[in-house]
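Asker: Sharing a model prediction with you, sequence too.
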Amino acid sequence: EIAGGGIIRDVIRDNQAEYRDKVMDRNLKWDTGNITGDLRRETYGHKPSLILVGGPEDRRKADFAKTLEQRLFSNGNKVYYLGIQNLLVGLDADMTVKRHHLYPEDRDEMIRRLAELTNILMDAGIILVATVSLLSFDEQETFRMSVSPVEVQTIWVGSSDGSDVNADYTIEDAGTAADH
């Protein structure tokens, strides 16, 4: 029984196709060490994980992320907090920052660099808590693609009006973030 049919005449690539190709190429060429991910999970007592903390520009988002890092660390997890500002003064120091604005003119490149750094930290087996103000769905997908098959959780802190991010957890009132 035929349920459908047709002729495929053209390949339609989504806006993440080029980066996905680069990630696949990177993964094929990746030079791994002698310590496997399974051994790291067994030794650390947890699997690597990325926790993206997104939301509008608001200092309380970083405060929440740092508190989360502290709680995870207190529970014996190998965890690290990475604020986007640290990237801007480090790996992204060569990028031109817009006048009176926090982010470089080439935000896509900034996100790509952060996603690649995240991949390295996932390979090391840790839990990374990273803040990204004004995170978009496409940027969220860049992270997911870069660290796949590692689990990515997204916590949105602040108003989600106008956001296209699929958050796993939302704290609409940034003022109450510390209570979560």
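Answerer: Here it is on my side, so go on.

Asker: Give me the three-state assignment for residue 53.
Answerer: Three-state assignment for residue 53 (DSSP: H, G, I helix; E, B strand; the rest coil): strand.

Asker: Could I get the contacting residues of it?
Answerer: Going by C-beta atoms under 8 Å, 6 or more residues apart in numbering, residue 53 touches 61, 62, 64, 65, 68, 129, 130, 131, 132, 154, 155, 157. Just so you know, the C-beta spots here come from the backbone N, C-alpha and C atoms, and that holds for glycine as well.

Asker: any idea how far the residue nearest to the spatial centre of the chain lies from residue 17?
Answerer: Residue closest to the average C-alpha location in the chain (C-alpha atoms, centre = their mean): residue 143, at 4.2 Å. From residue 143 across to residue 17, the span is 16 Å (C-beta to C-beta, to the nearest Å).

Asker: Mind putting the contacts of residue 53 into TSV with distance to residue 32?
Answerer: Listed next are these as TSV, based on distance: C-beta to C-beta, whole Å:
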residue	distance to residue 32
61	34
62	33
64	34
65	29
68	29
129	25
130	23
131	29
132	27
154	27
155	30
157	35
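
Asker: quick check, nearest of these to residue 39?
Answerer: Among the contacts of residue 53, residue 129 lies closest to residue 39 (C-beta to C-beta), at 23.4 Å.

Asker: re the thing from before, name the nearest residue to the residue nearest to the centre of the chain, sequence neighbours excluded.
Answerer: Spatial nearest neighbour of residue 143, excluding adjacent residues (C-beta to C-beta, 6 or more residues apart in numbering): residue 115 at 5.1 Å.

Asker: element containing the one you found?
Answerer: Following DSSP states H and E, one finds residue 115 within helix 107-123.

Asker: Assign a three-state SS to the spatially closest residue to residue 163 that is not a sequence neighbour, would you?
Answerer: Spatial nearest neighbour of residue 163, excluding adjacent residues (C-beta to C-beta, 6+ apart): residue 156 at 6.7 Å. Under three-state DSSP, the three-state class of residue 156 is strand.
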